[in-house]
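Q: Build the 3D model from these lines:
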Amino acid sequence: MIMKKILEFPLTLLIFITLLSSCSNDQQELEVLDSLNAKASTAKDPCLIDGPECGGLNQLVTFTYDNPTNNPSITWSVVSGNLTLVSGQGTTAATFRIGTSFRGGGSVNVTSGICNLTRDILYCPSNDCGITLNSLNEVNALGSNEVAFYVVPSLESGWSIDNSTFTVTRDSGIISNHSGYLNSNGHPQIIINVPCSPQSGRIDKVSVVVNASSSSQNCSKSIEKDFMSVCGTGF
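A: Alright, predicted model coming up:
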């Protein structure tokens, strides 16, 4: 009996030590896992740049800088490629114009007090159209109740404007179509009679479709703008 208890004691001690060692190892594994998770969380990039993956020639593209904090100092720049910053410097959204020699893609960069990021943009040949419509404007000081509406385009080398159509919506809801012509600046334009009285005859909205072509391709672009009851002068 005494001999049996003597044999049982080392066995009990061995089991106790094994259990104690197992608990210690489990605790160490938990501590290591918590440490790795903390490091992974710290290593996550708190900022990113949203924007298009590709673009066509002479196209405007906008990139947005997302971050969880308010950064008072944000700087956008072109890293590579035929890109030009058009607007948005110092803000979270910047617009770049893709140049006519943008064939291999390019990169833009944004820096702040927290992050320094670069975003690539590729060339999309399928999106190419050799004309870009930059703005739609009006001039109402021509006299005789006449108002001019014109589009300011940008044309790539080898491209020309074939024709244009202006769709005019008046306050009364009446819609009319007008064929445009190229003014002295080469801009598609119409001049129409828009008396200020009655009120229902004034212009609320103008939409324009411009057709352009090169030696091997043709395409069209459109632009639309709301106007606040535009009318001509009567003198």
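Q: pretty sure P153 is in a strand, no?
A: Yes - under DSSP: H, G, I helix; E, B strand; the rest coil, P153 falls within a strand.
Q: so who does it touch?
A: Going by C-beta atoms under 8 Å, 6 or more residues apart in numbering, P153 touches I131, T132, L133, N134, I161, G186, H187, P188, V210, A212, K221. Placement of C-beta: from N, CA and C, glycine included.
Q: helix or strand for the residue nearest the centre of the chain, which one?
A: The residue lying closest to the centre of the chain (C-alpha atoms, centre = their mean) is T62, at 2.8 Å. Secondary structure from DSSP states H and E places T62 in strand 60-66.
Q: Quick one: distance of stretch 178-190 to the chain centre.
A: Distance, stretch centre to chain centre, for stretch 178-190: 30 Å (C-alpha atoms, centre = their mean, to the nearest Å).
Q: nope, stretch 58-67 is what I was after
A: Relative to the mean C-alpha coordinate of its chain, stretch 58-67 is positioned 4 Å out (C-alpha atoms, centre = their mean).
Q: Need the contact partners of it.
A: 46-52, 55, 74, 76, 86, 88, 92-100, 108, 110, 112, 114-115, 117, 119, 121, 127, 130, 132, 154, 156.
Q: same thing but 7 Å
A: 46-52, 55, 74, 86, 92-98, 100, 108, 110, 112, 114-115, 119, 121, 132, 154, 156 (C-beta atoms under 7 Å, 6 or more residues apart in numbering).
Q: Drop anything exposed from these.
A: 47, 49, 51, 55, 74, 92, 94, 96-98, 108, 110, 112, 115, 119, 121, 132, 156 (16 or more other C-beta atoms under 10 Å).
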